[in-house]
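>>> Mind looking at a prediction? Sequence and model below.
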Amino acid sequence: MRHEDVPAAERLSDEGFYELDVRTQPADWPAPARRTSEHSAGWERRAHHFLDTDPGGCWVAEDDSGMLGFATSVRRELMWCLATYVVRPGLQGQGIGRPLLEAALHHGRGCLRGMLSASSDPKAARRYRAAGFELHPQMFLVGEVDRSSIPVIDKVREGSAGDIELLDSLDRRTRGAAHGPDHGLLLSSFRLQVSDTSTGTGYAYTSPGRLQLLAASNRRTAQRLLWAVLADIDGRALVPHVTAANHWAIDVGMAARLQLNQAGYLALRGMKPPSPYVHNGALL
Ligand SMILES: CC(C)(COP(=O)(O)OP(=O)(O)OC[C@H]1O[C@@H](n2cnc3c(N)ncnc32)[C@H](O)[C@@H]1OP(=O)(O)O)[C@@H](O)C(=O)NCCC(=O)NCCS
């Protein structure tokens, strides 16, 4: 993949994930929607970041008609992460995805660990299992926060670039590899909150209405941060990507009267589900 491929990749991923939502989303959920221009711009910025840090991890499949599919992946210390992987709707299930994933996986050769957030598409699950990943079902919490449930929250402050060393050390402790250059992108895209006390440390990135990433040295600090995140959300709140290793998040979500649902898998190689940790879908 080259930088000039990014706009076509963005359109293809929007189309692919919209079609997946139409195909797999329960009927009583909000109707699937195409991306807003703001969302598309953020997606493109992230893809350029992957091409800057990991040109060898990003691959496209194409023929005379244009782009058929692509995969973007990165190496962070000794961990390989798959960020996005999609084949054009109508062409899926015909063997285009397999060599794309193989090319991206080759970028991770020598890595001890691998991590990706899989969609509910059974074709994706099949590819990841064939590549040796363990599939850990993901849950998510959604709904309006019951304001009367919110406890007194202290020891949480706004974060900044000055916290990056702390964030990287929490990443190493929870998932075995720092996010490194991804923290710059995360900081420019999301709000960062940090808790740093004598009894524990942690951080959370959020975008309006949703948690993007959370890591902490213990469950108590993780719960304090999640409450701080929920307290600041007006309207519908979303806490995605909760694995069974993170019941501390389910307990907070249920206390806030959010609803628990399931979607997709955290797919892992060479590691157990991180905890206390709520991963980001693309930056993991
Ligand atoms: C996941 C995806 C990129 C894979 O690309 P692809 O071209 O479909 O992949 P392949 O055809 O190489 O492999 C698909 C596998 O699923 C099998 N398959 C095909 N149709 C299937 C179906 N309806 N249900 C289950 N398996 C199916 C294929 O036989 C193949 O398995 P095999 O190689 O063991 O025979 C593509 O399906 C896609 O874009 N899905 C929607 C977006 C998505 O979910 N992306 C992954 C995000 S994590």
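Perfect, I can see it now.

>>> so does the helix ranked longest in the chain get close to the ligand?
Longest helix in the chain by number of residues (criterion: DSSP state H): helix 6-24. Yes: Helix 6-24 comes into contact with the ligand (CB under 6 Å from any ligand atom), by way of 16-17, 20. For every residue, glycine as well, the C-beta is placed using N, CA and C.

>>> can you give me the helices in this protein?
Using DSSP H, helices in the chain cover 6-24, 37-53, 97-107, 122-130, 164-175, 182-189, 219-231, 247-255.

>>> Point out the residues in the stretch 1-150 of the chain that sit beside the ligand.
Residues of the stretch 1-150 of the chain that fall close to the ligand, judged by CB under 6 Å from any ligand atom: 16-17, 20, 85-87, 92-98, 118-119, 121-124, 126-127.

>>> Pull out the buried residues from the residues of helix 6-24 next to the ligand.
Among these, those classed as buried by 16 or more other CB atoms under 10 Å are 16-17, 20.

>>> Could you measure from whichever residue of the stretch 1-150 of the chain sits closest to the ligand over to Tyr85?
Residue of the stretch 1-150 of the chain nearest the ligand, by CB to the nearest ligand atom: Gly97 (2.1 Å). Distance of Gly97 to Tyr85, computed by CB to CB, to the nearest Å: 7 Å.

>>> between these two, what contacts are shared?
Shared contacts of Gly97 and Tyr85, defined by CB atoms under 8 Å, 6 or more residues apart in numbering, are found at Gly69.

>>> Which residues are in contact with the closest residue to Glu62 other than its chain neighbours?
Excluding the flanking residues, the one nearest Glu62 by CB to CB, 6 or more residues apart in numbering is Leu68, at 5.9 Å. Leu68 makes contact with 60-62, 87-88, 91, 96 under the criterion CB under 8 Å, 6+ apart.

>>> most remote residue from the protein's center?
The C-alpha centroid of the chain is most remote from Asp64, which lies 32.6 Å away (CA atoms, centre = their mean).

>>> sorry, back to before: ok and the longest helix of the chain relative to helix 37-53, angle-wise?
120 degrees (axes from the mean of the first three to the mean of the last three CA atoms, to 10 degrees).

>>> Who are the packing partners of helix 6-24?
With contacts taken as 3 or more CB pairs under 8 Å, 6 or more residues apart in numbering; DSSP states H and E, helix 6-24 sits against helix 37-53, strand 66-76, strand 79-87.

>>> so of the ones you listed, which one's packed in deepest?
strand 79-87 (a mean of 25; mean count of other CB atoms under 10 Å).

>>> how many degrees apart are that one and helix 182-189 in direction?
Going by the same axes, to 10 degrees, strand 79-87 makes 60 degrees with helix 182-189.
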